[in-house]
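[1] sequence first, then the predicted structure:
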Amino acid sequence: MQSLKKLQLSLMAMLALGAAIAGAAAAAEGELLGAIGTATLTQNATLTFESTGGGIAVKCPSSEGSLTYESSTKGSFDDLHLGCTAGGFKCTGLTDSTAGSILVKGAWEVLAFKEGASLKLALVYVLSPVHFECLGILTEIRGGRIGLIDNANGIKTTKITALFTGSSGKESITEVNGVNHHLESSTGGSAFVEDSVSQNVTATGVELEVMY
């Protein structure tokens, strides 16, 4: 009888440990709890695309778009950048009818990760290939990029802000939890080189709780 009780206690301890580990793993993934629907994207500062090796640098002072929540961890986005120029000349997407506009769209996900002793929440954009022309020269941008969500853990809000940082073709963050995400571009049919994006963007209008 004593052996049976010990076995039962051992099983209960193992189940409790398993539940704790599963809970910790779920928390480490990061979530935007309760997020359902579509938020409005607003650009808070001029966006800059830059490639390595002194290649093309495109600046877009404003944008309008949306971020759709398919679940608490992933969804899709479209972001129409406006007033885009390179060296003072307008740059326009191949599918865009307004000069100086470039549509960027794709999928997104949120992932929690450790940076030193701190736990942070990343917003990962995976882009559909972007094609645009400046002075008749075609550029293609492809790949993904990683931004940091600025909201505090546990906050309930209708507004999240993410900061993507990089310059001269070098992204400040290119890896989350062992998975690499980076942008690359080709201009005028040249070989693809690393590309960076600097952007501060806010998604507004969907109630959620930030967890990581």
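    Looks like it came in fine. Residues are numbered from 1 along each chain as shown.
[2] shouldn't Lys159 be in contact with Val201?
    No. If you go by Cβ atoms under 8 Å, Lys159 and Val201 don't touch, sitting 11.2 Å apart. For the C-beta atoms, the positions are set from N, CA and C on the backbone; glycine is no exception.
[3] show me which of those two is the more surrounded one.
    Per other Cβ atoms under 10 Å, whichever of Lys159 and Val201 has more neighbours is Val201, with 23 against 16.
[4] ok, that one - contacts?
    41-44, 63, 79, 147, 161-162, 164 (Cβ atoms under 8 Å, 6 or more residues apart in numbering).
[5] in the longest strand seen in the chain, which residues are buried?
    For the chain, the strand that runs over the most residues, judged by DSSP state E, is strand 193-211. Neighbour counts using 16 or more other Cβ atoms under 10 Å place 194-203, 206, 208-211 of strand 193-211 among the buried residues.
[6] and if you look at stretch 86-94?
    So for stretch 86-94, counting by 16+ other Cβ under 10 Å, buried means 86, 90-93.
[7] name every strand pairing with the longest strand of the chain and say which way it goes.
    strand 31-33 (antiparallel), strand 37-43 (antiparallel), strand 47-51 (antiparallel), strand 156-164 (antiparallel), strand 183-187 (antiparallel) (DSSP bridges).
[8] deepest of those, which one?
    strand 47-51 (a mean of 23; mean count of other Cβ atoms under 10 Å).
[9] taking the centroid of this protein, which residue is nearest it?
    Val124 (2.8 Å; Cα atoms, centre = their mean).
[10] so that one sits against Leu183, correct?
    No. Assessed by Cβ under 8 Å, Val124 is found out of contact with Leu183, at 11.9 Å.
[11] quick one, what contacts Thr157?
    With Cβ under 8 Å, 6+ apart, Thr157 has these contacts: 151, 207-210.
[12] state the distance from it to Asp150.
    According to Cβ to Cβ, to the nearest Å, Thr157 and Asp150 sit 11 Å apart.
[13] quick one: Asn200 and Ile149 touch, right?
    No. Using Cβ under 8 Å, Asn200 makes no contact with Ile149, being 11.8 Å away.
[14] where do the helices of the chain begin and end?
    2-29 (DSSP state H).
[15] where in it is pLDDT low?
    Scanning the chain for pLDDT under 70 picks out 1-28, 54-55.
[16] for Glu133, which non-adjacent residue is closest in space?
    Thr92 (6.0 Å; Cβ to Cβ, 6 or more residues apart in numbering).
[17] ok, now which ones touch that neighbour?
    84, 98-102, 132-133.
[18] what remains of those if I keep only buried residues?
    Applying 16+ other Cβ under 10 Å to the contacts of Thr92 flags 84, 100-102, 132 as buried.
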